[in-house]
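Undergrad: Pasting the sequence and the predicted coordinates here, then a few questions.
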Amino acid sequence: MSANQFVMHRSALAGVQAVAARSARTFARHTHEQFGIGVMRQGGQVSHSGRGQVEAGPGQVITVNPGEVHDGAPIGGERAWQMLYLDPAVVADAAEALPIPGPFEFEHPVMDAPALAADLSVLYALAIDGAGPLARDSLLLRVLARAGRQAARAPRPGLPAAIRHALGLIDDAPAAALSLADLAHASGLSRFQVLRAFHRATGMTPHAYQVQRRLLLARRLLRQGMALADTAAAAGFADQSHMTRLFARAYGVSPGRYARAAAAR
């Protein structure tokens with residue numbers, strides 16, 4: 001692969017995306033709706049995570065939980081990695097068989113765990129090669145058991161009630177043309193207070209958070225087979241080119257390529 005290339009392989013695992021990447025790009029803070037777990041193949045990366053700033057190097061395991069704000073910048077040039085993105089329903093179903101009570105989450109954003117990395121490499125190959133379900137399912141359970149723990153039960157723990165109201169306003173209608181005054185009214189704060197408190201609580205400005213929710217909505221609509229132009233309009237983007245530019249910046253792949261890969265699954 002050449003620099004800044006993302007390949008979305010067709011996955012034999014329902015509800016799982018397999019992505020191989022090589023990039024020197026710095027990615028702004030964003031979120032995913034899925035669990036992500038993979039291995040750094042070459043180079044290094046520094047990133048913000050739910051547990052602060054972390055660095056990952058060759059052979060280390062990297063993870064992200066749904067809704068977790070993260071970014072990524074290369075260390076010393078381009079880096080390469082492989083990721084499996086698992087729908088929450090897939091993880092929830094598998095986690096029922098694990099000795100982990102309650103909701104599941106990945107424990108660490110970066111792990112120096114050679115055995116887990118080896119399992120992930122095999123699972124990635126099985127996912128794209130279409131091996132038998134018994135081998136895939138068994139290995140997936142082992143990966144989750146090694147990398148997971150019980151999640152905190154409270155949604156958005158520690159967030160002030162005022163900011164939960166502002167977040168909810170965006171979450172409930174990502175495509176809506178909300179203003180800072182709307183968020184201030186919902187939270188009972190001044191516009192300046194909500195701007196400052198929002199960034200302190202989420203690591204993003206309200207506008208950046210809204211863009212992420214719109215991108216996640218666009219991903220869902222594309223997986224459902226909606227046309228690109230219709231998706232852009234339904235998700236609140238100015239037009240298709242606007243959506244394409246922000247989508248590629250966040251995920252490294254265009255909406256059209258994402259839609260084609262999703263259709264092939």
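TA: Right, received. Where do you want to start?
Undergrad: if you average pLDDT over the helix ranked longest in the chain, what comes out?
TA: If you go by DSSP state H, the chain has its longest helix at helix 206-223. Mean per-residue pLDDT for helix 206-223: 91.
Undergrad: Show residues contacting that helix.
TA: Contact with helix 206-223 is made by 28-33, 166-167, 170-171, 174-175, 178, 180, 183, 194-195, 198, 202, 204, 228, 230-232, 234-237, 243, 246-247, 250-251, 255, 258-259, 262, as judged by Cβ atoms under 8 Å, 6 or more residues apart in numbering. Where C-beta positions appear, they are placed from N, C-alpha and C, glycine not excepted.
Undergrad: where do the strands sit along the protein?
TA: Secondary structure of the chain (DSSP state E): strands at 5-9, 16-23, 27-30, 35-49, 52-56, 61-64, 70-86, 104-106, 110-111, 148-150.
Undergrad: Strand partners (parallel or antiparallel) of the third one?
TA: Based on DSSP bridges, the pairing partners of strand 27-30 within the sheet are strand 70-86 (antiparallel).
Undergrad: Can you give me the buried ones in the strand it pairs with?
TA: By neighbour count with 16 or more other Cβ atoms under 10 Å, strand 70-86 contains the buried residues 70-72, 74, 78-86.
Undergrad: Equivalent analysis for stretch 214-227, please.
TA: The neighbour-count check on stretch 214-227 (16+ other Cβ under 10 Å) flags 214-219, 221-223, 226 as buried.
Undergrad: Also stretch 29-36?
TA: 29-32, 34-36.
Undergrad: for this protein, which spans come out with low pLDDT?
TA: Scanning the chain for pLDDT under 70 picks out 1-4, 131, 150-158, 263-265.
Undergrad: Contact partners for the residue of it positioned farthest from its centre?
TA: Distance from the centre of the chain peaks at residue 190, with 31.2 Å (Cα atoms, centre = their mean). By Cβ under 8 Å, 6+ apart, the residues touching residue 190 are residue 184.
Undergrad: Ramachandran angles for it?
TA: Taking degrees, to the nearest 10, you get phi -80, psi 170 for the backbone angles of residue 190.
Undergrad: measure it to residue 80 for me?
TA: From residue 190 across to residue 80, the span is 46 Å (Cβ to Cβ, to the nearest Å).
Undergrad: Equivalent analysis for residue 38, please.
TA: Separation of residue 38 from residue 80 (Cβ to Cβ) stands at 11 Å.
Undergrad: And residue 173, by the same measure?
TA: For residue 173, the distance to residue 80 equals 38 Å [Cβ to Cβ].
Undergrad: got it, and residue 249?
TA: The value you get for residue 249 to residue 80, if Cβ to Cβ is used, is 19 Å.
Undergrad: and residue 145, how many neighbours does it have?
TA: By the measure other Cβ atoms under 10 Å, the count of residues near residue 145 is 15.
Undergrad: So what sits opposite residue 56 in the bridge?
TA: Those that pair with residue 56 in a beta bridge, by DSSP bridges, are residue 45.
Undergrad: how about it, what does it touch?
TA: Taking Cβ under 8 Å, 6+ apart as the test, what residue 56 contacts is 40, 44-45, 47, 62, 110.
Undergrad: cool, and residue 69?
TA: 29-31, 48, 50, 202-204.
Undergrad: repeat that for 6 Å
TA: Residues near residue 69 by Cβ atoms under 6 Å, 6 or more residues apart in numbering: 29, 31, 203.
Undergrad: Quick check: the last one vs residue 31, distance?
TA: I take that to be residue 203. Per Cβ to Cβ, residue 203 is found 10 Å from residue 31.
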